[in-house]
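In: Sharing a model that was predicted from the sequence below.
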Amino acid sequence: MSQQLSWLNNELDDLRRAGLARRRREFIPLSDGSCVVNGRRLIDFASNDYLGLARDPRLIAAAVKATQEAGTGASSSALISGRTEWHVELERRLAEFEGQPAAILFPSGYAANVGTITALAESDDVLFCNRFNHASLIDGCRLSKSRLVIYRHDELESLERELEKARDARRRYVVTDTVFSMDADLAPLPILCDIAERHDATLIVDEAHATGVFGERGRGVAELQQVEHRIAVRIGTLSKAIGSLGGFVTGSAELIDWLWNKARTQMFSTALPPAACAAATAALDVIATEPFRREVLAARSTQLRQSLRALGCEVPGELTCPIVPVIVGEPDRAVAAASKLEERGYFVGAIRPPTVPHGTSRLRITVHCGHTSDEVAALAAAVGDVLQGV
């Protein structure tokens, strides 16, 4: 068997020479928002726990109680016996939170995107997928039998032209993230809604990095940009600001019934552990009653972005977005900068192709509402200093 896979050695060597090989680490989150990475204690500026809920005592208590009552796993798909009272309650609460008639759970955000797109789009349809969408949206489009058209949210004239060309297709779907996780800019949802409505297309949005972060009630960019009522398919994740695990879709009862019957990533996966559902339900309570978390997060994100820009760093994205990318160019430079920041006590992601286009490798900093103003200021100074030496 090892001889049959001997080609892997050469391919891995090529990755290493290009600075694109990934190494595995051991990451231990700590209750104060710091972490231990390969034995070194660091301040966590890399995870997506934007609201600091993943280690919140209330979520932990809810998860422990559910585990004591239901065990550690659902043991079956939701269609058979895996949909417990905790799943039912979380789906009810998600629908209520999003202001929608119904909701359905998936084992991950990735599964929610792939399962939803492949359940809705068929061979006579056309999918219009944003160039900078998350891999799960792109993979869902590719795995469907539909014709795929790529567009950019900063070149929407081309989207309109392509939709016009596809007017004879059975159905048209426009697929977009609401927060682009590598560039930290927001999709122009009102314009996309206008375009979709002009061409009788259905808009599918993924609020993965927006749920809990944007909007008056934390419902995401659709709420922030006041277009919730114009979007038929809204996808989200429970593993980022909500601090748990899983994905979900909210919408009409008919949409949710269709996904229940047709979304293969949901039908053929073991359901989420009841503990994850209980923790996510507790998180929705916190998001509803503690809006200060979003306010502090926006303030810290703005502080970091403004400080880095003042130092001459190339930092794209929405001012208040907690994803703060710093473009550095080549993969080796990104890895070296992240390593130097580790030496100074900060854990920051180094993002390289194929995750981002060649020539745009970057540091990807994520802000949490638990970061202090002093920590943010110190990180900005460290980034500016480190980039001068790599």
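Out: Sure thing, it's come through.

In: who does the closest residue to Glu162 other than its chain neighbours bridge with?
Out: Nearest residue to Glu162, sequence neighbours excluded (CB to CB, 6 or more residues apart in numbering): Val149, at 4.9 Å. Just so you know, the C-beta spots here come from the backbone N, C-alpha and C atoms, and that holds for glycine as well. With DSSP bridges as the criterion, Val149 is bridged to Phe128.

In: got the contact list for Val149?
Out: By CB atoms under 8 Å, 6 or more residues apart in numbering, Val149 lies in contact with 126-129, 162, 166.

In: out of those residues, which one sits closest to Gly345?
Out: The nearest member of these to Gly345, counting by CB to CB, is Cys129 at 39.6 Å.

In: you'd agree the closest one is up against Asp139?
Out: No. Applying CB atoms under 8 Å, one finds Cys129 not in contact with Asp139, separated by 10.1 Å.

In: ok, and the most crowded of the contacts of Val149?
Out: Phe128 (28 neighbours; other CB atoms under 10 Å).

In: Return the per-residue confidence for it.
Out: In this model, Phe128 is scored at 98, pLDDT.

In: OK, contacts around it?
Out: 149-151, 159, 162-163, 172-175, 201.

In: Give me the subset of the residues you listed lying in strands.
Out: Using DSSP state E, 149-151, 172-175 are the members of those that sit in strands.

In: quick one: contacts of the helix or strand harbouring Asn9?
Out: Using DSSP states H and E, Asn9 sits within helix 7-17. For helix 7-17, the surrounding residues in contact (CB under 8 Å, 6+ apart) are Ala21.

In: How is Cys35 assigned, secondary-structure-wise?
Out: Reduced to three states with DSSP: H, G, I helix; E, B strand; the rest coil, the structure at Cys35 is strand.

In: gap between it and Tyr346?
Out: Cys35 sits 10 Å away from Tyr346 when distances are taken as CB to CB, to the nearest Å.

In: what do you get for Pro354?
Out: According to CB to CB, Pro354 stands 25 Å off from Tyr346.

In: more neighbours, these two?
Out: Tyr346 (22 against 8).

In: OK, contacts around that one?
Out: Contacts of Tyr346 (CB under 8 Å, 6+ apart): 42-43, 45, 379, 382.

In: Turn the ones in strands among the contacts of Phe128 into JSON lines, columns for distance to Leu272 and pLDDT.
Out: Shown next, in JSON lines, are these (distance: CB to CB, whole Å; pLDDT from 0 to 100):
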{"residue": "Val149", "distance to Leu272": "34", "pLDDT": "97"}
{"residue": "Ile150", "distance to Leu272": "32", "pLDDT": "97"}
{"residue": "Tyr151", "distance to Leu272": "33", "pLDDT": "96"}
{"residue": "Arg172", "distance to Leu272": "32", "pLDDT": "98"}
{"residue": "Tyr173", "distance to Leu272": "26", "pLDDT": "98"}
{"residue": "Val174", "distance to Leu272": "29", "pLDDT": "98"}
{"residue": "Val175", "distance to Leu272": "24", "pLDDT": "98"}
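
In: Which one (most neighbours) among the residues you listed?
Out: Counting neighbours by other CB under 10 Å, Val175 leads the ones in strands among the contacts of Phe128 with 27 neighbours.

In: pretty sure it is touching Ile117, no?
Out: Yes. The pair Val175 / Ile117 is scored as a contact, 6.7 Å apart, by CB under 8 Å.
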